[in-house]
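> pasting the sequence and the predicted model now:
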Amino acid sequence: MNNIAFIGAGNMNSAIITGLVNTGYAPSNIMVSNPSPEKRKNLAQQLNILETDDNLAAAEFADIIVLGVKPYLIAQVCQQISQTMDISNKCFISVAAGCSISTIEKALVKPSAVIRTMPNTPSQVGLGVSGLYASEHANQYQIDMAEQIMSSVGITKWLNNEAEIDHIIAVSGSAPAYFFLFMEAMEKQAKALGFTEQESRQLVQQTAIGAATMVCESPLAISQLRENVTSKGGTTQAALTTFIDGGLEQLVAKAMTSAIDRAKEMAQDNNE
């Protein structure tokens, strides 16, 4: 097994490490680096992986380096690694939004394999979606390793070009929050209708789980599933008509476009 170093012990790196170990990757081949001890030591204790407070020690250990720090720190981390050791056979995988491959390559200076991936937060429960795009310097073995790493926390989608990373952000990366917002609004209204806080949460979350499970298990189009529960002149149709008349479809499109625009702005800021 390749040695994998995770720079940063935040939620996403922690989720990926947990997914790897749970799917059989040897903990002795995984090292996490983080300046504050609490997160990395907790991971080491829970999963029996290696830990250090030294990014360079972690990078030296690894064949594959997963960059899970804030986007504005990635260039600094990459420069330190590149200036200290031979990186010609190392592969860098970034899970940071708004940090392009060119920015990482510029910080590394030397030609290196770089793969961008954009996972979403359900990766923390093994139900994530990750979009991936590889630089021209990444070989097939490194691409396969990136696939193995990210598929440990959900499904993967290889993209045709790097610009599609922004699209995957709008469709999957930011999208859990869209559903949370909708569920939050339903929960508030359930409380207004007289249900307790616990009852409201339970009713909304179970309905969401049920609807998502039906989509997963049915070969029917989502639009057909919607039509199947919408009786003409019934309560569901009354509710859906209110959403449609309120411009829900247009609002969703506008929101997703806003996410893409913001991703482009972040990339431009990080490239400057």
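Sure, I can see it.
> residues in contact with the residue nearest to the spatial centre of the chain?
Nearest to the geometric centre of the chain sits Pro119, at 1.8 Å (CA atoms, centre = their mean). Contacts here follow CB atoms under 8 Å, 6 or more residues apart in numbering; on that basis Pro119 touches 12, 15-16, 95, 128-130, 150, 153-154, 173. Just so you know, the C-beta spots here come from the backbone N, C-alpha and C atoms, and that holds for glycine as well.
> quick one: the helices in the stretch 51-200 of the chain?
Taking DSSP state H, counting those that start in this stretch as the test, the helices found in the stretch 51-200 of the chain are 55-61, 71-84, 101-108, 140-151, 164-168, 175-192, 197-217.
> which among those is found nearest to Thr236?
helix 197-217 (12.3 Å; CB to CB).
> and that closest one, average pLDDT?
Taken as a whole, helix 197-217 has a mean pLDDT of 97.
> contacts for that helix next, please.
The contact list for helix 197-217, computed with CB under 8 Å, 6+ apart, reads 179, 183, 186-188, 190-191, 195, 222, 225.
> among the helices of the stretch 51-200 of the chain, which comes closest to Val21?
helix 140-151 (11.7 Å).
> show me what the closest one is packed up against.
helix 11-22, strand 64-67, strand 91-94, strand 113-119, strand 128-134, strand 154-158 (3 or more CB pairs under 8 Å, 6 or more residues apart in numbering; DSSP states H and E).
> change it to 10 Å
strand 4-7, helix 11-22, strand 64-67, strand 91-94, strand 113-119, strand 128-134, strand 154-158 (3 or more CB pairs under 10 Å, 6 or more residues apart in numbering; DSSP states H and E).
> now the ones you listed in a markdown table, with mean pLDDT and distance to Thr242?
Output for the helices and strands packed on helix 140-151, formatted as a markdown table (pLDDT from 0 to 100; distance: least, CB to CB, whole Å):
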| stretch | mean pLDDT | distance to Thr242 |
| --- | --- | --- |
| strand 4-7 | 97 | 46 |
| helix 11-22 | 93 | 36 |
| strand 64-67 | 97 | 45 |
| strand 91-94 | 96 | 42 |
| strand 113-119 | 95 | 34 |
| strand 128-134 | 96 | 30 |
| strand 154-158 | 97 | 33 |
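> out of those, nearest to Ile169?
Nearest to Ile169 among those is strand 113-119; the distance by CB to CB comes to 5.7 Å.
> buried ones in the helix or strand where Ala239 lies?
Assigned by DSSP states H and E, Ala239 falls within helix 235-245. Neighbour-count burial for helix 235-245, with 16 or more other CB atoms under 10 Å as criterion, is recorded at Leu240.
> then it to PDB, C-alphas only?
Only the C-alpha atoms of helix 235-245 are listed here, as PDB (Å, rounded to 0.1, in the frame of the first residue of the first chain):
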ATOM      1  CA  THR A 235     -53.200  18.600  -1.100                       C
ATOM      2  CA  THR A 236     -49.800  17.800  -2.700                       C
ATOM      3  CA  GLN A 237     -50.800  19.600  -5.900                       C
ATOM      4  CA  ALA A 238     -51.800  22.600  -3.900                       C
ATOM      5  CA  ALA A 239     -48.400  22.700  -2.200                       C
ATOM      6  CA  LEU A 240     -46.500  22.200  -5.400                       C
ATOM      7  CA  THR A 241     -48.400  24.800  -7.200                       C
ATOM      8  CA  THR A 242     -47.400  27.300  -4.500                       C
ATOM      9  CA  PHE A 243     -43.800  26.400  -5.000                       C
ATOM     10  CA  ILE A 244     -44.000  26.600  -8.800                       C
ATOM     11  CA  ASP A 245     -45.900  29.900  -8.700                       C
END
